[in-house]
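Novice: The sequence and its predicted three-dimensional model are supplied below.
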Amino acid sequence: MFKKLFGKGNEASKDIKIYAPITGEYVKVEDIPDPVFAQKMMGDGFGIKPTEGKVVSPIEGVVDNVFPTKHAIGLKADNGLEVLVHIGLDTVQLNGEGFETLVESGDRVNVGDALVSFDLDYINENAKSIISPIIITNFADHVESHQFQEVTALEKGQTLVLDVTVK
């Protein structure tokens, strides 16, 4: 009864859908050309080979971390799931060159909201790879079950890639 009176009954859903944050080609996590991501050391997820330089939110939640080098953004869903969008590989060494962040830590975002724009050609020429990992960083502790969709071509903010149920 008190939960209804004081609004505590509005718990976040345990089910969450993760959409493509970048338009491009789907890449299995095991095929990302970096052992930290491919061996799931940071968590499970997938990669994208971008065809344009725009990143949108793959989930509804809060911007948890905007890296100072602008190459990655951490998001947190209301149910606690943490998603890292990492643009390219070894892009931290670019020190923000070629990236423009469009959000700040603490901002509330919905699926499809713009997060980062980046110079696709510059990243392609100056980074190890343009393939961009999308990783659930608290996968081991937080995910009860997950189901990848069978997709190849991804449209940012539109293509459903992963269904997740949290513990």
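Specialist: Here it is on my side, so go on.
Novice: what comes up buried for stretch 27-38?
Specialist: 27, 29, 32, 34, 37-38 (16 or more other CB atoms under 10 Å). Where C-beta positions appear, they are placed from N, C-alpha and C, glycine not excepted.
Novice: ok, what's across the strand from the residue lying closest to D34 once chain neighbours are set aside?
Specialist: Nearest residue to D34 in three dimensions, chain neighbours excluded: L89, at 4.9 Å (CB to CB, 6 or more residues apart in numbering). With DSSP bridges as the criterion, L89 is bridged to S129.
Novice: can you pull the pLDDT of L89?
Specialist: With respect to pLDDT, L89 scores 97.
Novice: thought it was touching I32?
Specialist: Yes. Between L89 and I32 there is a contact at 7.5 Å, judged by CB atoms under 8 Å.
Novice: any common contacting residues for these two?
Specialist: 131, 133 (CB atoms under 8 Å, 6 or more residues apart in numbering).
Novice: From Y19, how far off is the residue most central in space within the chain?
Specialist: Closest to where the C-alpha atoms of the chain average out (CA atoms, centre = their mean) is V85, at 3.5 Å. Going from V85 to Y19 by CB to CB, to the nearest Å gives 11 Å.
Novice: Share the number of residues neighbouring K70, please.
Specialist: Residues lying near K70 (other CB atoms under 10 Å) number 21.
Novice: residues contacting it?
Specialist: Taking CB under 8 Å, 6+ apart, one finds 96, 99-101, 116 in contact with K70.
Novice: CSV for those, including neighbour count, distance to G53 and secondary structure?
Specialist: Listed next are those as CSV, based on neighbours: other CB atoms under 10 Å; distance: CB to CB, whole Å; DSSP: H, G, I helix; E, B strand; the rest coil:
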residue, neighbour count, distance to G53, secondary structure
G96, 14, 14, coil
F99, 23, 9, strand
E100, 11, 9, strand
T101, 20, 13, strand
V116, 23, 9, strand
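Novice: Please tabulate these in a markdown table, including the columns distance to N126.
Specialist: Output for the contacts of K70, formatted as a markdown table (distance: CB to CB, whole Å):
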| residue | distance to N126 |
| --- | --- |
| G96 | 12 |
| F99 | 11 |
| E100 | 16 |
| T101 | 18 |
| V116 | 16 |
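Novice: Just list whatever residues bridge to K17.
Specialist: D163.
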